[in-house]
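Trainee: turn this into a model:
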Amino acid sequence: MKSCEQRADSLSDHNSHHPIVSVLMPCYNSSDTVDGAIDSILRQTMQALEMVIVDDGSDDETPEKLTDWSMKDRRVRVIHQDHAGIVPALNVGLQACRAAFIARMDADDLSDPNRLSKQLGFLEAAPELAGASCLVDVFPPEVVRQGFKVYVDWLNSLVSPEDIHRQMFVESPMAHPSVMIRRAWLERVGGYQDKGWPEDYDLWLRLHLAGARFAKVPQVLLSWREHPGRLTRTDSRYSVENFLRAKSHYLVRGPLRDRGSVIIWGAGQMGGRLSKHLLRDGAPLVAFVDVDPKRVGGQRRGRPVVGPSGLMAIWQQADRPIVLAAVGARGARQLIRAQLKEMGLREGQDWLAAA
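Mentor: I've put the predicted structure just below:
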């Protein structure tokens with residue numbers, strides 16, 4: 001973003017250092033945690049790295065701390081800009097990164113000393129992958145809410161490319177600061193974009209539609225800090241409604257693009273909210289499926305609601321149908337998966353989980 005004044009610290013000896021991995025870290029008013037985050041990167045067993053830090057107009061002690069680090073270690077490169085938000089900060093930093101592999105880091109998290117070497121080795125051994133994440137733990141335990149624990153357990157259950165691919169429209173399947181990605185893939189999809197919903201989930205979905213595949217090193221290599229000021233708690237872009245907007249936007253441009261009929265399993269709150277966005281985006285919604293006898297036989301958004309036993313009759317009459325499972329209740333996805341399997345419908349081809 002050129003309206004803000006930018007300057008780079010510690011760019012001397014620039015040509016004498018050839019990083020294999022660029023660690024990209026935006027930060028804003030992170031003085032309480034930034035030292036630990038930087039230290040955890042500079043202590044990596046893989047030393048051929050640079051750390052590109054974008055200070056997004058901090059007005060606490062963050063700028064001074066970053067300058068101190070850049071003076072102590074020439075691998076630290078700092079860019080100062082006026083406050084513009086995380087997406088502009090990420091793109092400014094990405095432009096400054098010089099390596100072929102980009103590892104994300106946040107200023108309040110901690111990386112295991114072996115994180116970068118393990119992820120780099122993982123990607124070098126699997127050239128078909130666009131990027132590699134890892135398992136994460138969350139700290140400090142006393143502030144971690146139960147819902148977030150459930151999300152992290154789900155996140156850590158997705159390891160293989162097939163797992164991540166299959167669950168891409170359920171929720172963001174990788175913690176952003178846990179990812180190392182090939183720069184070429186980031187450039188291929190246009191870097192980071194601000195569409196009013198989570199920038200990391202937007203990136204994963206664009207990469208997904210472009211054919212990118214991800215996997216995870218099956219070890220905990222990132223400690224993810226939970227705190228009241230985290231963007232996912234304070235920024236409206238990370239609301240459930242905006243996640244649904246993102247899902248709908250990319251569903252109609254990807255899995256639903258060649259479908260003539262969409263059937264949503266779930267006529268409750270989650271299915272209803274998703275259907276609103278799908279209809280706005282032009283999806284050919286024809287029916288809902290629900291297990292609640294109070295809903296079965298009625299209508300939702302002018303479409304019939306049938307029980308599971310009525311699904312196949314609609315399926316057989318529909319034009320190129322697909323089922324989207326959109327029930328938010330815990331355990332519902334597994335029950336729906338079992339029922340659809342009994343009906344002979346194949347996950348990833350005949351139906352997708354969307355909640």
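
Trainee: from here on, contacts and neighbour counts on C-alpha atoms
Mentor: Fine.

Trainee: so where do the helices sit in the stretch 201-350 of the chain?
Mentor: Counting by DSSP state H, counting those that start in this stretch, the stretch 201-350 of the chain has helices at residues 231-234, 240-253, 269-280, 311-317, 332-342.

Trainee: and the second one, what does it pack against?
Mentor: Right, helix 240-253. helix 199-209, helix 269-280 (3 or more Cα pairs under 8 Å, 6 or more residues apart in numbering; DSSP states H and E).

Trainee: and I102, what is it in contact with?
Mentor: Residues in contact with I102, defined by Cα atoms under 8 Å, 6 or more residues apart in numbering, are V21, S22, V23, L24, M180, I181, R182, R183.

Trainee: the third one - that's part of a strand, no?
Mentor: Yes - with DSSP: H, G, I helix; E, B strand; the rest coil as the criterion, V23 is located in a strand.

Trainee: which parts of this structure belong to which domain?
Mentor: 7-238, 242-353 (automatic domain parsing).

Trainee: what about the shortest one, start to end distance?
Mentor: Translated: domain 242-353. Taking Cα to Cα, to the nearest Å, the first and last residues of domain 242-353 lie 18 Å apart.

Trainee: tell me the mean pLDDT over stretch 319-339?
Mentor: Here stretch 319-339 scores 97 as its mean pLDDT.

Trainee: other residues contacting it?
Mentor: Here stretch 319-339 makes contact (Cα under 8 Å, 6+ apart) with 256, 258-266, 268-271, 274, 315, 347, 349-355.

Trainee: kindly report the same for stretch 62-69.
Mentor: So stretch 62-69 is contacted by D9, Y28, N29, S30, S31, V34, D35, D55, V76, V78, H80 (Cα under 8 Å, 6+ apart).

Trainee: in CSV, list the residues you listed along with distance to V87 and pLDDT.
Mentor: Shown next, in CSV, are the contacts of stretch 62-69 (distance: Cα to Cα, whole Å; pLDDT from 0 to 100):
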residue, distance to V87, pLDDT
D9, 21, 40
Y28, 12, 97
N29, 16, 97
S30, 17, 97
S31, 20, 98
V34, 19, 99
D35, 23, 99
D55, 13, 99
V76, 21, 98
V78, 17, 99
H80, 15, 98
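
Trainee: nearest to R145, of the residues you listed?
Mentor: Among those, S30 lies closest to R145 (Cα to Cα), at 22.1 Å.

Trainee: hmm, the closest one is touching D108, no?
Mentor: Yes - counting by Cα atoms under 8 Å, S30 touches D108, with 7.1 Å between them.

Trainee: how many other residues sit next to V327?
Mentor: V327 is flanked by 23 other residues according to other Cα atoms under 10 Å.

Trainee: what about it, distance to V289?
Mentor: Per Cα to Cα, V327 is found 10 Å from V289.

Trainee: just P304 next, same as before
Mentor: From P304 over to V289 the distance is 8 Å, taken as Cα to Cα.

Trainee: just to revisit the earlier point, worst average pLDDT in the domains of the chain?
Mentor: Minimum mean pLDDT among the domains of the chain: domain 7-238, a mean of 94.

Trainee: include distance to I322 and neighbour count when you put the contacts of I102 into a markdown table, please.
Mentor: Below are the contacts of I102 laid out as a markdown table (distance: Cα to Cα, whole Å; neighbours: other Cα atoms under 10 Å):
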| residue | distance to I322 | neighbour count |
| --- | --- | --- |
| V21 | 41 | 26 |
| S22 | 41 | 26 |
| V23 | 40 | 29 |
| L24 | 39 | 26 |
| M180 | 33 | 28 |
| I181 | 31 | 22 |
| R182 | 33 | 20 |
| R183 | 34 | 21 |
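
Trainee: just the residues you listed now: which is nearest R245?
Mentor: I181 (25.0 Å).

Trainee: packing partners for the helix or strand encompassing that closest one?
Mentor: Using DSSP states H and E, I181 falls within strand 180-182. If you count contacts as 3+ Cα pairs under 8 Å, 6+ apart, strand 180-182 packs onto strand 101-104, helix 115-124, strand 131-139.

Trainee: contact partners of the next helix or strand along the chain from it?
Mentor: With elements assigned by DSSP H and E, the helix or strand that comes after strand 180-182 is helix 183-188. Helix 183-188 is contacted from outside by A99, A100, F101, I102, A130, L207, A212, using Cα under 8 Å, 6+ apart.

Trainee: restricted to buried residues, select these in ChimeraX.
Mentor: Typed into ChimeraX, the line below selects the buried ones among these, using 16 or more other Cα atoms under 10 Å:
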select :99,101,102,130,207,212
